[in-house]
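Colleague: build me a model:
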Amino acid sequence: MVAPADASGSGAPLSVDASRERIENSDRWYQVLDVSIIASPEDVKSAYKKLSLLHHPDKGGDADTFHKLKQSYEEGLAKRALKPKAAKRKSVGGKKIVKSAGKAKAKGKAKSKKFAKPAQAAAKEKPKAKAKANAEDAAKKAPAQAKAEPEPPKTPRGAKRAWPKPAPAPPNATRKKIQNAMEKWDISLDYKMKTFPYEIQVATCEELEQWRTDGLAVPIDARESTTGVGPVIRSAVRLSYMELLGADDDMIALVRKLKEDGKKLVMFTQTGERMSQCGLLGALLLDVFQFDELKLYKLEGGVDGWTKFVELNPLVGAEEVFGSAEATYDVSKRKLDKAALEHGTWTDAQTKHFDVLVAGLSENEAAVRSHLQKMSLQTMTLDLEESVNSMFEYASAKELSKRGRWDKYVFDEIRTRFDAKISCLSTVEEACRSEADQHEAQVDAAGKRLKELQEEAAQKKAAEPKKPAQEDAGVEDAEEVADEDMAAEDAEEEEAVAEEAEEEEEKEVDEEVDVDGEGDGDGDADCEKTDKDAPADGTDAAAPEEPEKAADEEKAADEDVPEGDASETNALDEDVTDGDAREASAE
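Modeller: So this is what the prediction gives:
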């Protein structure tokens with residue numbers, strides 16, 4: 001069989017193998033067909049026919065090669081069939097102008113649309129008019145409320161987006177919702193919805209000390225960590241504005257716990273300025289976390305004011321020193337416990353596991369693996385080389401009689417590292433113990449000083465004069481004091497009524513005496529004689545003074561007599577008075 005000529009028209013015969021190799025190494029459709037990329041559909045068909053004679057399976061060709069040839073033919077035919085028509089060339093004034101056929105066609109369409117017939121335009125407008133009429137009918141049938149509803153205002157293009165308004169976070173909100181609420185509050189410019197830092201109420205140092213003693217308040221250290229934290233008020237809790245904005249899980253849990261406790265929060269910074277961070281923190285807690293505004297305070301003067309207050313009050317200063325010493329001792333005690341625990345763990349690992357493996361006291365391979373597993377944490381900490389670790393495990397599994405020189409070397413190396421580590425831990429433990437003992441001595445000294453000042457304060461209070469009961473009575477004893485006052489007033493009224501009754505009885509007795517004296521003439525003479533015998537200088541005799549003194553004593557005795565015996569006393573007085581009158585008339 002004679003090979004066909006080349007598809008490109010060169011006339012040179014092609015071998016089947018060379019053509020198949022060229023097709024397999026080609027990626028594009030025109031490379032497979034061996035034609036130009038701008039070839040006409042006729043050229044594509046002609047090339048496909050010539051190559052089909054070589055590679056068709058019926059002619060003994062390869063099926064894969066023919067399949068690729070067919071795909072390239074279909075792709076090339078599709079692309080060359082959609083090729084736009086060639087541009088028309090015109091010459092105007094000796095210059096060639098190229099116009100695309102597609103553009104000319106589009107321009108012609110626009111022109112025909114512009115000058116369309118009125119009948120065609122009317123036919124197109126009929127569906128639009130019908131749809132408009134249907135819409136009007138539907139609007140008439142709709143209820144009046146639908147018409148009254150205003151359309152939502154459309155935001156003009158280019159207008160600024162409104163800042164989000166701050167809103168409080170729900171009580172059981174997630175961390176993400178709380179963080180979004182705090183961010184909205186932080187960037188919002190709606191100041192009517194926000195609390196200003198200076199609006200948080202202020203508490204004095206004296207009030208903080210009293211509330212803290214009674215267990216009603218918690219000091220909050222609102223200083224940022226970047227500013228460098230100085231002296232700390234005793235029993236203060238660390239919570240700053242920036243740390244809370246970070247929405248850390250620990251901080252959110254702390255805020256929720258403080259809110260559940262219901263105690264007063266007294267926030268402080270170093271100086272306690274009007275627009276300080278403690279006021280900002282209080283505003284955030286008030287607006288976002290919905291704290292009670294009556295339980296949020298700023299400390300007047302901050303830490304500087306508290307330091308001056310402590311200097312002026314030795315007892316408060318001693319309490320601060322004692323509290324600080326206790327806190328420091330607790331920290332050192334925890335460090336000591338941690339160091340002792342680590343030292344004991346390493347010592348146990350060496351004595352209970354490593355020494356057992358070295359002595360070959362393990363019963364079987366399972367016991368060896370158990371010892372290695374229990375001391376794996378220590379061997380990892382020793383930074384053993386991988387080869388040393390492997391040799392250690394291999395040597396531990398051997399019987400004592402089968403161990404060699406290298407096994408002994410591995411055991412000695414690990415023991416040396418164990419001893420160095422345990423020695424270091426022992427040194428750390430001793431240092432921590434010494435520090436804890438020193439802090440414990442400081443706590444004892446501070447406690448002794450505090451006890452002395454408390455005893456002095458108690459002695460001063462005992463030496464002060466006692467105030468009246470009404471002044472010392474508190475709010476709880478106000479009702480008892482009022483009842484005592486009412487009882488005293490009732491007793492005074494009863495005494496006054498009793499005195500009036502006695503005076504009336506005495507008047508009646510005097511009137512009776514006067515009546516009896518008028519019936520006896522000698523009595524008048526005796527009275528005149530008595531008047532004559534009276535001293536001329538106008539001084540009173542001793543005898544008239546005695547009845548007056550006796551009358552005063554009788555009156556005092558009557559006041560001391562209880563109300564139940566008043567009738568008996570009055571009867572006795574009447575009898576005595578009648579007897580005196582009779583004796584006077586007889587004389």
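Colleague: any weak-confidence spans in the stretch 401-550 of the chain?
Modeller: 466-483, 512-550 (pLDDT under 70).
Colleague: what ranges does it have for its strands?
Modeller: Along the stretch 401-550 of the chain, no segments are classed as strands by DSSP state E, counting those that start in this stretch.
Colleague: quick one: the helices in it?
Modeller: Ranges of helices in the stretch 401-550 of the chain, per DSSP state H, counting those that start in this stretch, are 405-463, 469-472, 478-518, 521-533, 542-560.
Colleague: could you give the number of residues near the residue lying closest to Leu315 once chain neighbours are set aside?
Modeller: Among residues not flanking Leu315 along the chain, Leu453 sits closest, at 4.8 Å (CB to CB, 6 or more residues apart in numbering). All C-beta atoms are positioned from the backbone trio N, CA, C, and that covers glycine. Residues lying near Leu453 (other CB atoms under 10 Å) number 16.
Colleague: what's the answer for the one 4 residues further on, then?
Modeller: By other CB under 10 Å, 12 other residues sit near Ala457.
Colleague: relative to Glu413, how far out is it?
Modeller: 66 Å (CB to CB, to the nearest Å).
Colleague: quick one: low-confidence parts of the stretch 101-250 of the chain?
Modeller: 101-133, 135-166, 226-231.
Colleague: how about the helices in it?
Modeller: 101-114, 118-141, 144-148, 175-187, 205-214, 241-245, 249-261.
Colleague: flag every buried residue along the last one.
Modeller: What it means is helix 249-261. Buried positions in helix 249-261, judged by neighbour count with 16 or more other CB atoms under 10 Å: Met251, Ile252, Leu254, Val255, Leu258, Lys259.
Colleague: residue contacts, the closest residue to the fifth one other than its chain neighbours?
Modeller: Translated: Leu258. In space, Leu258 comes closest to Leu265 once its chain neighbours are excluded; the distance is 6.3 Å by CB to CB, 6+ apart. Contacts for Leu265 (CB atoms under 8 Å, 6 or more residues apart in numbering) come out as Ala217, Val218, Ile220, Leu258, Gly282, Leu285, Phe291, Lys295, Leu296, Tyr297.
Colleague: farthest pair in those residues?
Modeller: Among the contacts of Leu265, the pair separated by the greatest distance (CB to CB) is Ala217 and Leu285, at 14.7 Å.
Colleague: neighbour count for these two, which is higher?
Modeller: Leu285 (26 against 21).
Colleague: helix or strand: which one has the more buried one?
Modeller: Counting by DSSP states H and E, the element that carries Leu285 is helix 277-287.
Colleague: C-terminal to that helix, what's the next element?
Modeller: Heading C-terminal from helix 277-287 (DSSP H and E), you reach strand 296-299.
Colleague: I'd like to check the angle between the very next helix or strand once past that next one and helix 205-214, please.
Modeller: Following strand 296-299 in sequence order, the next helix or strand is helix 302-312 (DSSP H and E). Helix 302-312 and helix 205-214 are oriented at 80 degrees to each other (axes from the mean of the first three to the mean of the last three CA atoms, to 10 degrees).
Colleague: what's the first helix or strand after helix 302-312?
Modeller: Per DSSP H and E, the helix or strand that comes after helix 302-312 is helix 314-349.
Colleague: that next one - contacts with which helices or strands?
Modeller: Under the contact criterion of 3 or more CB pairs under 8 Å, 6 or more residues apart in numbering; DSSP states H and E, helix 314-349 touches helix 302-312, helix 376-381, helix 405-463.
Colleague: show the subsequent helix or strand relative to that helix.
Modeller: helix 355-359.
Colleague: the helix or strand following that following helix packs against which elements?
Modeller: Following helix 355-359 in sequence order, the next helix or strand is helix 365-374 (DSSP H and E). In terms of contacts (3+ CB pairs under 8 Å, 6+ apart), helix 365-374 is packed against helix 355-359, helix 386-397.
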